[in-house]
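Trainee: this one's structure only:
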């Protein structure tokens, strides 16, 4: 059975108008985990899901979240980008056993892809030889496997190069515009105000602009043709900065829903893509559950699973095992693969005198293999075959930075930059093969060495999107590495990095829990948004302005609801001023009711407007002509100093 | 009675050698508050306090914290800057009723200051007319009040201009060098590696360099002659970046120790200065408790107390009340005053069309006063008299940015920059009067507008030190504003800002608790340290390198102990791997014991060294001459692409 018809047709027929705020604003969902076998659903407090279609394309329904404001504001709702998928839509019946409704099947159906008859059978090693009692059941959601092998055009890159605008391109254009029908007021001025370091973000994103960026290799839409549930997202420096969250399986899984919940929780708070870095048992089956229930692109590191299949012994890896793992994951629908093909034999000795050696897991696996066999990396040698496989399903490359620095001391060293140069070489091979490509980046880098990373990546890799881990700007704060890295992430996002891989407070110390994941995602949403503002993204400041007006006008509920994390904002406020009445009070806990800075500003505005019109008053002040305002004591002059 | 003799003489006679690690490494102090009437004492876990004297000056004892490493490391202890005062020295008997030992009395005794006979008597309004039951008792610690009125030279600025090196200057030079006797190895190279935007941090700080920086107005040592308990600290862009924490009284104070604990807790984690922003009742007496127990400079906003004295009604403020408040706080020993003299009548209308008006409390008080009276600000008009008072006690100016932007929309606007220009004018007046000066800065500023703030401040204010609140790089994350602002703080610190005022997670929402204060301080320590690294401070990377080596060598305890917050690092690790044995394990919870990236790097290093010497191997790889390493499959060439 195919997903193509959508197994929740009722949900797909709903329109914006069906969603009254009453329905949408149901139960608040705080940080508590969901019940056994369930995932977190329902809208983020103080907002509701809407679906919006580009002009003349009612078949394309793009999700947003709308935050209605207090009637006293006399402002329209604030619309924000929404990565949370159907989980926050109360009209969609969520059942992880059924998977999500299909978004792309009808689009894919027209592209001449063939249904794979001999789908690769699941082998015991795919699930780490999990015994009967340990085995997580496979996901019963229907999944048809497609191959683009016989089609002339398969990947978004190929379509873009051929001058064809796909539905995915129309979708992301509408999404990037936040559903605006046309250029937002003041957008040109806003752009002029930013500093974009050579990026060229237009005031309004058209599908044709999306196509041209993909054709130029400057952007990608990671979208495996076997992931029809995907809500497409574009990654490139002329678009909103994106963030990735990593998840991984637990040693003891009590239910498949528990694993899906990690995905759902990450995207609820804003993860644009999710990497499944699972190891050990059940990784094939858990990946199936994740993909069938994921509205965001899923990335993996196939090398991790390949290593499991050879018992964790790097030197036992073979091209055959790796190739088989690529097919396995490709048919499941993984949207992008981290491929560490830049770790070449000749680069390994460059790491010998490093302070922290090779810290990338993929990088060290490949280094171990190369050293053991005294051979060039099989990923490098078979790179063109890897391209052929990835092109067949439109899996995007995320060329791994296996030699990224693991300490401030190792930043921007010969090993790191030698690998980056190789990644540039491989980017061009992948493009020639029709594939979409992004490039992974560091790591640990002090602030003054961040920009050169971005500049060198753009020049070496032909402006392919950059996707960095942080970077961490100091090594000395384990327990706070979401912050050490959030600083670097904001900066490199500003300089042109397209996607920021989150770091949680547990980095270097342990495995993140539910709360760590949320803190990591919110920190990276801050970094990405700060970058969008600094680049002068035409729509970025809309939300800042709305929350600032709410703050100035003591609309507390609006301030909470417009926050990246409304639940935390509300609960922090309530710790000091718990009464409901305080949420409409014209003061806060900082100055208290007796004296309020904001109140004085309101008085200034009112007085000024009442007296003689603000403009005249400003003139009067400017030329000093108004006798009333001349101080009695002689004004200090510079001559006296 | 005078503090000059030191009321804990035993503590002052101890030397480094007296402090065995056994004594120092006593009870760990986690985040729990101390018992009633007590403050937090004892060393930070895994480290101990040392005192070190500059060459030939055994009368000057500068505190540091030393972190001993595992014997397997074969490395000396790592010495770090220490703001925590005697509280972390287990040999010092702490009793808040006695106050801290005197550090500066013998130095001050030689400077010809006179003892004030008619010390200003405490008035009921000084404590907000607190009734008998509400009144916090005054601090019984002895305190002699000095005046420099009749001395030729009083302020550090005056001594510096006269070519005289004070004990405070010798103290901070030794402190900035982390007690190094001479230039640290590789320091020149390190400096060359950084980007300092025109700062000129020498490889080794001499007392003469300190003097010359103070004489140039580029640095200050906030040190009221009535604060002998002070451990001097220097603030300037050619020194380590400093951070400030704000504290304030509680509405209901159960004990004076509870108020002192806020100070002790802030400096324990690294606050270089503390501002007491108390309002309401008991502020005079609480300030006394704080000053007698503070080893760090204390800053205040005298306008806050003056406003309390007139019942919170801004227009009732008078120069007389304000002046009396300056004298009151000066005699207590406050080290720096925020003076909002840059909010001039003519600037107020520039704020009328702002998104968030005037958000500074001091700024709005002054704006309200100016508008009500249609008069120039009394702070501006009486600025020279203010200088005379502040010079008499060597209180440093922190010229307040009353018109700082409270939102991204208002950043770098006409009001903000008009005030900054006035602050530049006032800086020169204060210097002419012999005072030390720093300048307060914003606020809410998007990343691309931060640098112009720094550049303009340097040029308008003659390179006087800049002291900023963040800046917050977006408005949309209440609950996480330590992070939105930590990003901006790191950047402006890199660009040249001398001190960063912390922001806690409760900013905009409520009053910070113990945990918020710690998170705020650690976040700002990260920002300041990231800035020091990026500027190329010669000693900054020592700690990063040490923790990275510990990480690479699986010295878990060293990694925790070298962290900015050892308690959190340790507890995060223990959540996943609680057993003691795991702290010596050569793996972590990320990859698990079966496969470890770090282990492979060790193998690479060992193999490489064993085979034929790393250097030859590198050569072999470089010229491709070693047949062993030529891949069997023909290597990909660029021509094929």
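Mentor: That came through, no problem. These numbers come from a predicted model, not from an experiment.
Trainee: which residue does the stretch 501-641 of chain A bring closest to chain B?
Mentor: residue A:601 (2.5 Å; CB to the nearest CB). Heads up, the C-betas are built off the backbone N, CA and C, glycines and all.
Trainee: please enumerate the helices of the stretch 301-450 of chain A.
Mentor: A:302-309, A:319-332, A:361-373, A:378-381, A:383-393, A:414-432, A:450-460 (DSSP state H, counting those that start in this stretch).
Trainee: so, low pLDDT: which residues of chain A?
Mentor: Counting by pLDDT under 70, chain A has low-confidence residues at A:1-31, A:182-190, A:586-596, A:608-641.
Trainee: now do the same contact list for the spatially closest residue to residue A:438 that is not a sequence neighbour.
Mentor: Nearest non-adjacent residue to residue A:438, counting by CB to CB, 6 or more residues apart in numbering or on different chains: residue A:465, 4.2 Å away. By CB atoms under 8 Å, 6 or more residues apart in numbering or on different chains, the residues touching residue A:465 are A:218, A:219, A:220, A:235, A:236, A:237, A:437, A:438, A:439, A:498, A:499.
Trainee: may I see those arranged in TSV, with neighbour count as well?
Mentor: Formatted as TSV, the contacts of residue A:465 follow (neighbours: other CB atoms under 10 Å in any protein chain shown):
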residue	neighbour count
A:218	21
A:219	29
A:220	32
A:235	28
A:236	29
A:237	27
A:437	27
A:438	26
A:439	27
A:498	26
A:499	29
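Trainee: follow-up on the earlier one: need phi/psi at the residue nearest to residue A:438.
Mentor: Backbone torsions of residue A:465, given as degrees, to the nearest 10, read phi -60, psi 140.
Trainee: helices along the stretch 501-641 of chain A, start to end?
Mentor: Taking DSSP H, counting those that start in this stretch as the criterion, the stretch 501-641 of chain A carries its helices at A:514-535, A:541-552, A:556-562, A:566-576, A:597-611, A:614-623.
Trainee: count the residues that sit near residue A:441.
Mentor: 29 (other CB atoms under 10 Å in any protein chain shown).
Trainee: go on, residue A:344?
Mentor: Around residue A:344 there are 24 residues (other CB under 10 Å).
Trainee: if I look at it, how far off is chain B?
Mentor: Taking CB to the nearest CB, to the nearest Å as the measure, residue A:344 falls 9 Å from chain B.
Trainee: so who does that residue touch?
Mentor: By CB under 8 Å, 6+ apart, the contact list for residue A:344 reads A:370, A:376, A:377, A:380, A:418, A:419, A:422.
Trainee: and which of the residues you listed is nearest to chain B?
Mentor: Distance to chain B, by CB to the nearest CB, is smallest for residue A:376 among these, at 3.1 Å.
Trainee: wait, doesn't that closest one sit right on residue A:345?
Mentor: Yes. Look at residue A:376 against residue A:345 with CB atoms under 8 Å: they come within range, at 5.0 Å.
Trainee: ok, the two, which is more surrounded?
Mentor: Neighbour count, other CB under 10 Å: between residue A:376 and residue A:345, residue A:345 has more, with 22 against 19.
Trainee: the closest residue to that one other than its chain neighbours: neighbouring residues, count only.
Mentor: Nearest residue to residue A:345 in three dimensions, chain neighbours excluded: residue A:370, at 4.3 Å (CB to CB, 6+ apart). Residues within reach of residue A:370, counting by other CB under 10 Å, total 26.
Trainee: ok, residue A:370 touching residue A:379?
Mentor: No. Residue A:370 is beyond contact range of residue A:379, at 9.9 Å (criterion: CB under 8 Å).
Trainee: so what's residue A:476 up against?
Mentor: Contacts of residue A:476 (CB under 8 Å, 6+ apart): B:526, B:529, B:543, B:544, B:547, B:562, B:563, B:564.
Trainee: now, which of those residues lie close to chain A?
Mentor: Checking the contacts of residue A:476 against chain A by CB under 8 Å from any CB of the partner chain, the ones in range are B:526, B:529, B:543, B:544, B:547, B:562, B:563, B:564.
Trainee: circling back to that earlier point, mind giving me JSON lines with the helices of the stretch 301-450 of chain A and columns for distance to residue A:534?
Mentor: Output for the helices of the stretch 301-450 of chain A, formatted as JSON lines (distance: least, CB to CB, whole Å):
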{"stretch": "helix A:302-309", "distance to residue A:534": "35"}
{"stretch": "helix A:319-332", "distance to residue A:534": "37"}
{"stretch": "helix A:361-373", "distance to residue A:534": "31"}
{"stretch": "helix A:378-381", "distance to residue A:534": "36"}
{"stretch": "helix A:383-393", "distance to residue A:534": "34"}
{"stretch": "helix A:414-432", "distance to residue A:534": "24"}
{"stretch": "helix A:450-460", "distance to residue A:534": "13"}
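Trainee: which one of the ones you listed lies closest to residue B:91?
Mentor: helix A:450-460 (44.1 Å; CB to CB).
Trainee: contacts for stretch A:34-46?
Mentor: Residues contacting stretch A:34-46 (CB under 8 Å, 6+ apart): A:24-29, A:33, A:49, A:65, A:67-68, A:84, A:87-90, A:94, A:96, A:254-255, A:257, A:260-261, A:264-265, A:268, A:293, A:557, A:560-561, A:566-567, A:570.
Trainee: what are the ranges of the strands in the stretch 1-150 of chain A?
Mentor: A:48-52, A:62-67, A:78-81, A:114-115, A:146-147 (DSSP state E, counting those that start in this stretch).
Trainee: around chain B, pick out the residues from the stretch 51-200 of chain A.
Mentor: A:193, A:194, A:195.
Trainee: residue A:300 reaches residue A:284, doesn't it?
Mentor: No. Contact criterion CB under 8 Å: residue A:300 and residue A:284 do not qualify, at 11.0 Å.
Trainee: residues touching the closest residue in space to residue A:470 that isn't next to it in sequence, list them.
Mentor: Spatial nearest neighbour of residue A:470, chain neighbours left out: residue A:485 (3.1 Å); criterion: CB to CB, 6+ apart. Going by CB under 8 Å, 6+ apart, residue A:485 touches A:469, A:470, A:471, A:472, A:473, A:503, A:507.
Trainee: mind checking how far the fifth one is from residue A:354?
Mentor: Right, the one you point to is residue A:473. 19 Å (CB to CB, to the nearest Å).
Trainee: these two: who's more crowded?
Mentor: residue A:473 (33 against 24).
Trainee: ok, the more buried one touching residue A:487?
Mentor: Yes. The criterion here is CB under 8 Å, and residue A:473 meets it with residue A:487 at 4.8 Å.
Trainee: give me the common contacts of those two.
Mentor: A:447, B:490, B:526, B:530.
Trainee: from these, which two are the most distant?
Mentor: Across those (CB to CB), the longest gap, 11.5 Å, separates A:447 and B:526.
Trainee: name the residues contacting each of residue A:370 and residue A:379.
Mentor: With CB under 8 Å, 6+ apart as the test, residue A:370 and residue A:379 both reach residue A:343.
Trainee: end to end on stretch A:560-578, go ahead and measure it.
Mentor: This stretch, stretch A:560-578, spans 14 Å end to end (CA to CA, to the nearest Å).
Trainee: contacts only, for the residue nearest to residue A:345.
Mentor: Per CB under 8 Å, 6+ apart, neighbours of residue A:370: A:343, A:344, A:345, A:348, A:376, A:377.
Trainee: check residue A:114 too.
Mentor: Counting by CB under 8 Å, 6+ apart, residue A:114 makes contact with A:146, A:147, A:149, A:150, A:151.
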